[in-house]
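Q: No sequence on hand, only this structure:
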């Protein structure tokens, strides 16, 4: 994203357009006004750029060719800012092709660098990081050739952003550290704020990837950097930049478990995002807001925000970001007990993820085939043979992509039956298995035990030690129990801090003995590694099905009765003072 440069006011540009004498002059004035409107009114800016292209159609003079390239680049930028990303790429590609055909004058090289940088940003927004990186690297090289240090810095900043997006967060942070002093020396607060924001976001990504104590350090660094960026963004009075910085702050607060702070910032961020011309930031904000509300227990509000984000991502065709919103919406619906709706959303998540991967592979193939056809018309046979090898390699990658797609389908199917936090079965998977095991128990006259388990005083753990510690407690409790179980046993997260355990071929007494072993294992665990003063205990209720007594019942009725008996036993364990096992 480029900063506003010193330029005539909008009124002056409007007047220049009115006073223009001939077609070339009118077109030049229209392009200048379109560039000035790229953020304020990108729809009108796009119309002015198209008007300029119509006015110079048929003119072959070198000034007209340079102006045609400038108009196409401006058209692509305005279309991007109004969320018409596919047509923005089309305009951007035509612009850089026309610039490349012009004489290598310093001014034109600088303009070509500018056009390539903005094309790269649009490709980034569409998820084509490889294509974006090629544009940014060419923009950097062009700026070096014409000794445009500011253009070179802009290209390097964009390369750092792509490094962050492809997971090379350390490189993104290091490049940002090198760029910040340059923009400070230039007095360019706009780009300085952008660099600080990008470094903060890279620290967030690195912290999420590392986890543990190292994550806390990176989250704190992100918060410190964004606190420097926000005043600069407000000073520049650029709504898009301010919204981007506020989005990074929201993610930093969320990463640190500050739900109240994140919620307050997101509400301001949403109000700002809704004033922007494009709706991408509004969709991103709603998705983050939905996640924070879900983690704060505000499920109805979370579902509403995530459904709005879902509709916006669908209309904008932002498949990569859409997948995250669908994943959170499915979880919120499941937490609310709306299991059928949660499953429907999860199926849409499957389709979105697969469509995104398939489209990316197909687009790469079409681009390479087009290049190959063009080069076969030339005499450079060796170069054409090289492109043939590239096509063969791409075909091999497509085969691999298909294999990865099948793996992804299997992985997504597993996740639809797995609790994402504890990595044990979720309630849907438990209820499916309960029906099967109850029916088998009745048919084969085999014993079956069902156990309900509560983490004692879990709300106090969240309130006293943070929600992050609470999540770690649930993961550790699940791990402690799972390591004691047989492969045929099923452990599931039943909801919140409650777990359920299904023990096939297990009479009451062995089930009680196993549950006492589980209770003691959790009690003896050293919880201080998560938080000083933390202690965790379990209350456990056990119910066993006797096939002889349940012989006349349906397996649905028997399963319901078994669940109710386990729930009553859990109530007795709590009434007895918790930290005990009851049947």
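A: That came in fine, so what should we check first? These numbers come from a predicted model, not from an experiment.

Q: CA atoms for contacts and neighbours, from now on please.
A: OK.

Q: host element of the closest residue to residue 37 other than its chain neighbours?
A: Excluding the flanking residues, the one nearest residue 37 by Cα to Cα, 6 or more residues apart in numbering is residue 45, at 5.4 Å. If you go by DSSP states H and E, residue 45 is part of helix 42-55.

Q: Residues contacting that helix, please?
A: Applying Cα atoms under 8 Å, 6 or more residues apart in numbering, the external contacts of helix 42-55 come out as 23-24, 26-28, 30-31, 33-38, 68, 71-72, 74-76, 78-79, 81-82, 277.

Q: what do you get if the cut-off is 6 Å, keeping everything else the same?
A: 23, 27, 30-31, 34, 37-38, 71, 75, 78, 82 (Cα atoms under 6 Å, 6 or more residues apart in numbering).

Q: tell me which of the residues you listed is nearest to residue 180?
A: residue 38 (25.7 Å; Cα to Cα).

Q: Surely that closest one is in a helix?
A: No - going by DSSP: H, G, I helix; E, B strand; the rest coil, the assignment for residue 38 is coil, not a helix.

Q: show me the contacts for residue 71.
A: If you count contacts by Cα under 6 Å, 6+ apart, residue 71 has them with 31, 49.

Q: mind checking how far the host helix or strand of residue 514 is from the chain centre?
A: Using DSSP H and E, residue 514 sits within helix 508-524. On the basis of Cα atoms, centre = their mean, to the nearest Å, helix 508-524 sits 41 Å off its chain's mean C-alpha point.

Q: For it, give the mean pLDDT please.
A: Helix 508-524 carries an average pLDDT of 94.

Q: Just checking: what are the partner strands of the helix or strand following that helix?
A: Sequence-wise, the next helix or strand downstream of helix 508-524 (DSSP H and E) is strand 538-545. Sheet partners assigned to strand 538-545 using DSSP bridges are listed as strand 448-455 (antiparallel), strand 581-582 (parallel).

Q: Now the closest residue to residue 36 other than its chain neighbours: phi and psi?
A: Distance criterion Cα to Cα, 6+ apart; nearest residue to residue 36, sequence neighbours excluded, is residue 10 at 7.1 Å. Reported as degrees, to the nearest 10, the phi and psi values for residue 10 are phi -60, psi -40.

Q: again with residue 447
A: Here is the backbone geometry of residue 447 (degrees, to the nearest 10): phi -70, psi 160.

Q: centre of the chain versus the helix or strand hosting residue 63, how much separation?
A: Using DSSP H and E, residue 63 sits within helix 62-81. Chain-centre distance of helix 62-81: 32 Å, with Cα atoms, centre = their mean.

Q: going forward, begin numbering at 170 instead of 1
A: Done: numbering now begins at 170, and the last item shifts to helix 231-250.

Q: Which positions in it come out as buried?
A: Judged by neighbour count (16 or more other Cα atoms under 10 Å), helix 231-250 contains these buried residues: 233-250.

Q: before we move on, what about stretch 727-743?
A: Under the neighbour-count criterion of 16+ other Cα under 10 Å, stretch 727-743 has 727-728, 730-732, 734-743 buried.

Q: go on, stretch 303-323?
A: In stretch 303-323, counting by 16+ other Cα under 10 Å, buried: 304-315, 317, 319-323.

Q: sorry, back to before: show me which of the contacts of helix 211-224 is closest to residue 346.
A: Nearest to residue 346 among those is residue 207, at 29.2 Å by Cα to Cα.

Q: Break down the stretch 270-419 of the chain into its helices, ranges please.
A: Using DSSP state H, counting those that start in this stretch, the helices of the stretch 270-419 of the chain run over residues 275-294, 298-314, 318-334, 338-355, 358-379, 381-405, 408-424.

Q: Tell me how far the residue nearest to residue 206 lies from residue 442.
A: Residue 214 is 20 Å from residue 442, where distance means Cα to Cα, to the nearest Å.

Q: likewise residue 685?
A: 54 Å.

Q: okay, now the domains of this protein?
A: Using automatic domain parsing, the domains assigned to the chain come out as 170-271, 274-335, 338-423, 448-585, 596-751.

Q: Between the ones you listed, which one is closest to residue 438.
A: Per Cα to Cα, nearest to residue 438 of the domains of the chain: domain 338-423, 6.1 Å.

Q: mind checking pLDDT for residue 521?
A: pLDDT recorded at residue 521 is 69.

Q: Please apply the same query to residue 740.
A: Here the pLDDT value assigned to residue 740 is 96.

Q: Next up, the contacts around residue 305.
A: Each residue near residue 305 by Cα under 6 Å, 6+ apart is listed here: 286, 324.

Q: 7 Å instead, please
A: Residues near residue 305 by Cα atoms under 7 Å, 6 or more residues apart in numbering: 285-286, 289, 324, 327-328.

Q: what is the mean pLDDT for the helix holding residue 214?
A: Average pLDDT, helix 211-224: 89.

Q: between that helix and helix 231-250, how big is the angle?
A: Using axes from the mean of the first three to the mean of the last three Cα atoms, to 10 degrees, the inter-axis angle of helix 211-224 relative to helix 231-250 is 160 degrees.

Q: Enumerate the positions of helix 211-224 that are buried.
A: The neighbour-count check on helix 211-224 (16+ other Cα under 10 Å) flags 211-222, 224 as buried.

Q: number of nearby residues for residue 203?
A: For residue 203, the tally of surrounding residues (other Cα atoms under 10 Å) stands at 30.

Q: Following element in sequence after the host helix or strand of residue 647, please.
A: Assessed by DSSP H and E, residue 647 sits inside helix 636-651. Downstream of helix 636-651, the next assigned helix or strand under DSSP H and E is strand 659-664.

Q: where's that next one relative to the chain centroid, distance-wise?
A: Centroid separation for strand 659-664 versus its chain: 27 Å, with Cα atoms, centre = their mean.

Q: what's that strand in contact with?
A: Residues outside strand 659-664 that contact it (Cα under 7 Å, 6+ apart): 588, 593-596, 599, 651, 668-672.

Q: can we see that at 8 Å?
A: Strand 659-664 has contacts (Cα under 8 Å, 6+ apart) with 504, 588, 591, 593-596, 598-599, 647, 651, 668-672.

Q: you'd agree residue 349 is up against residue 361?
A: Yes - using Cα atoms under 8 Å, residue 349 makes contact with residue 361 at a distance of 5.8 Å.

Q: Closest to residue 337 out of the contacts of strand 659-664?
A: residue 591 (27.6 Å).

Q: one step back: for the helix holding residue 647, packing partners?
A: Applying 3 or more Cα pairs under 8 Å, 6 or more residues apart in numbering; DSSP states H and E, we find helix 636-651 packed against helix 627-634, helix 677-693.

Q: Out of these, the one nearest residue 430 is which?
A: With Cα to Cα as the measure, helix 627-634 is the member of these nearest residue 430 (15.4 Å).

Q: Show me the contact partners of the closest one.
A: Helix 627-634 has contacts (Cα under 8 Å, 6+ apart) with 636-639, 666, 700, 703.

Q: Which two among these are spaced furthest apart?
A: Greatest spacing in the contacts of helix 627-634, by Cα to Cα: 666 and 700 (18.1 Å).

Q: hang on, the earlier thing: export the domains of the chain as CSV, with columns for distance to residue 435.
A: Shown next, in CSV, are the domains of the chain (distance: least, Cα to Cα, whole Å):
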stretch, distance to residue 435
domain 170-271, 21
domain 274-335, 21
domain 338-423, 6
domain 448-585, 6
domain 596-751, 19
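
Q: quick one: which of those has the weakest pLDDT on average?
A: For the domains of the chain, the weakest mean pLDDT is recorded on domain 448-585, namely a mean of 73.
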